[in-house]
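**Q** curious how this folds, go ahead:
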Amino acid sequence: MSNIPESTLQMAIVQGLRAIRQDPKVLGSVFKNEKASELDQIRNFFLTKSIEFSVNYPRGEELKIPAIILTMQSDVESDPVLGDFLGNYAPQEMYADTLGGHGASISTISGLNTKIIGNIQVNYTEEDPLTGVNTLYWNSIFTPEILKVFAKAPSQSYTIHVINGYGAGQKHKVTRIRSNSLDIAGSFSPQLDTSSYIDIRKTIESEHSDGQASRLYTEDAPLVQKGSIYEARYALNVLGSNQSEVIFLYAAIKTILLSQRKYLEDQGLQGLTIQGAEFSPKGEYLPNVVYGRSVNLTFKYPFSFVEELPTYSAIDFEVTTNHTMFDPCTTTTFRITI
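**A** Residues are numbered from 1 along each chain as shown. I've put the predicted structure just below:
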């Protein structure tokens, strides 16, 4: 599906800054060459300062600093496809997220929900032929540690992520936990084996979720995806009241982008490259003392839409037969119902 880069980048940066506030120890590794007193100043900055995020520049009197301002530098069609055809589209995936409740939920700086336990080897998975329930059995050496984790928060919802081996890339919500296995919602495709490894993470619903997404198309609707690939250049302009604030924010943004590269790629922002530069703020802000630096991003992303094809219930045929050159023509009409 189509991607709106502004929304993806804003979510990544805002949630990344929130994660730093919740667990500021990452600052110690980013600013490891700073003195202890300066590191305390950096932590205090992120814990106490309100950092504004704006898509494009606000009006001069509305600018609050420190601020991060996202601007688009260019957006060029780079890889056009024949007839703008990107492939057929599965209707069961087509929902309208009218309440914002089904976007990516980020709770850590890496763009993923909090990992409870990781790198667990799978023994095997199977589907019950009667109920259709899919069950995962893990290697028994992990049993004590897994059950200990589940016992600490029995009401917490969990999601498994297949991180390596056969079936890697799948993600399923856990519906039931047993002493040596767990059930999932949906089904494994393909089923997992001993080459597969999983992470178990918290399932965190979006903060703005108040209902279910609305289905846009029926399951049997014939859909095609049309669009093209674009190469975009965006700038994250960092503004601060002094040089230190700008340096702190600049480093934090690079850390967030690097740690969330996989999340951004999963959202469609491919081949992301990051480049920094000094820049001069817009003229209307010059009366104020404003320092700035920019983080420039280049990436490709798909822009597409779904088109519903017309459907037909029957085809009418008309056949005209000329028996001889002297006989009149005979016309037969018939219908084939699809």
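**Q** I'd say residue 231 and residue 297 touch.
**A** No. Using CB atoms under 8 Å, residue 231 makes no contact with residue 297, being 11.3 Å away. For glycine as for every other residue, the C-beta is placed from the backbone atoms N, C-alpha and C.
**Q** the more surrounded of these two?
**A** Taking neighbours as other CB atoms under 10 Å, residue 231 and residue 297 compare with residue 297 leading, 22 against 16.
**Q** find the nearest non-adjacent residue to that one, please.
**A** In this structure, residue 297 finds its nearest non-sequential neighbour in residue 234, 4.7 Å apart by CB to CB, 6 or more residues apart in numbering.
**Q** show me the domain layout of this protein.
**A** Under the assignment automatic domain parsing, the domains of the chain span 5-74+231-305, 115-202.
**Q** which parts of the helix or strand the residue nearest to residue 297 falls within are buried?
**A** Using DSSP states H and E, residue 234 falls within strand 223-240. By 16 or more other CB atoms under 10 Å, the buried positions in strand 223-240 come out as 223-227, 229-240.
**Q** stretch 265-272 now?
**A** 267-269, 272.
**Q** quick one: which of those residues sit in helices?
**A** Of the buried residues of stretch 265-272, none are assigned to helices by DSSP state H.
**Q** need the residues you listed in JSON lines with distance to residue 33, can you?
**A** Formatted as JSON lines, those follow (distance: CB to CB, whole Å):
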{"residue": "267", "distance to residue 33": "33"}
{"residue": "268", "distance to residue 33": "36"}
{"residue": "269", "distance to residue 33": "31"}
{"residue": "272", "distance to residue 33": "26"}
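**Q** now, the residues you listed that are in strands?
**A** residue 272 (DSSP state E).
**Q** so which of the buried residues of stretch 265-272 is the closest to residue 70?
**A** Taking CB to CB as the measure, residue 70 lies nearest residue 269 of those, at 13.2 Å.
**Q** partners of the closest residue in space to that closest one that isn't next to it in sequence in the sheet?
**A** Nearest residue to residue 269, sequence neighbours excluded (CB to CB, 6+ apart): residue 299, at 4.6 Å. Beta-bridge partners of residue 299, counted by DSSP bridges, are residue 232.
**Q** OK, contacts around residue 299?
**A** 5, 231-232, 264, 269-273 (CB atoms under 8 Å, 6 or more residues apart in numbering).
**Q** what's the first helix or strand after the least confident helix or strand in the chain by mean pLDDT?
**A** Lowest by mean pLDDT, DSSP states H and E among the helices and strands of the chain is strand 95-96, with a mean of 37. Counting by DSSP H and E, the next helix or strand C-terminal to strand 95-96 is strand 115-127.
**Q** surely residue 263 and residue 13 touch.
**A** No. Between residue 263 and residue 13 there is no contact under CB under 8 Å: 11.7 Å.
**Q** okay, the most centrally placed residue in the chain: pLDDT?
**A** The centroid of the chain falls nearest to residue 267 when counting by CA atoms, centre = their mean (3.7 Å). Looking at residue 267, its pLDDT reads 84.
**Q** quick one: it and residue 6, what's the gap?
**A** 12 Å (CB to CB, to the nearest Å).
**Q** quickly find the element holding residue 44.
**A** Going by DSSP H and E, residue 44 is part of helix 36-48.
**Q** got it, and residue 247?
**A** Counting by DSSP H and E, residue 247 is part of helix 243-259.
**Q** low-scoring pLDDT stretches of the stretch 1-150 of the chain, where are they?
**A** By pLDDT under 70, the low-scoring segments of the stretch 1-150 of the chain are 1-2, 59-62, 85-112.
**Q** hmm, back to that, pull the residues that contact the helix holding residue 44.
**A** 17, 20-21, 24, 27-28, 31, 34, 244-245, 248, 252.
**Q** which residues does the closest residue to residue 295 other than its chain neighbours contact?
**A** Nearest residue to residue 295, sequence neighbours excluded (CB to CB, 6+ apart): residue 236, at 4.3 Å. If you count contacts by CB under 8 Å, 6+ apart, residue 236 has them with 9, 13, 68-70, 253, 294-297.
**Q** check the gap between residue 236 and residue 52 for me.
**A** From residue 236 to residue 52 the distance is 13 Å (CB to CB).
**Q** pull up the overlap in contacts between these two.
**A** By CB under 8 Å, 6+ apart, the residues touching both residue 236 and residue 52 are residue 68.
**Q** confidence score at the residue nearest to residue 297?
**A** pLDDT, residue 234: 96.
**Q** report the distance from stretch 140-159 to the chain centre.
**A** 26 Å (CA atoms, centre = their mean, to the nearest Å).
**Q** my read: residue 27 touches residue 19, true?
**A** No. Judged on CB under 8 Å, residue 27 makes no contact with residue 19 at a distance of 11.4 Å.
**Q** buried sites along the helix holding residue 247?
**A** Judged by neighbour count (16+ other CB under 10 Å), helix 243-259 contains these buried residues: 245-253, 255-257, 259.
**Q** low pLDDT regions in the stretch 151-300 of the chain?
**A** Residue ranges of the stretch 151-300 of the chain with pLDDT under 70: 204-221, 279-289.
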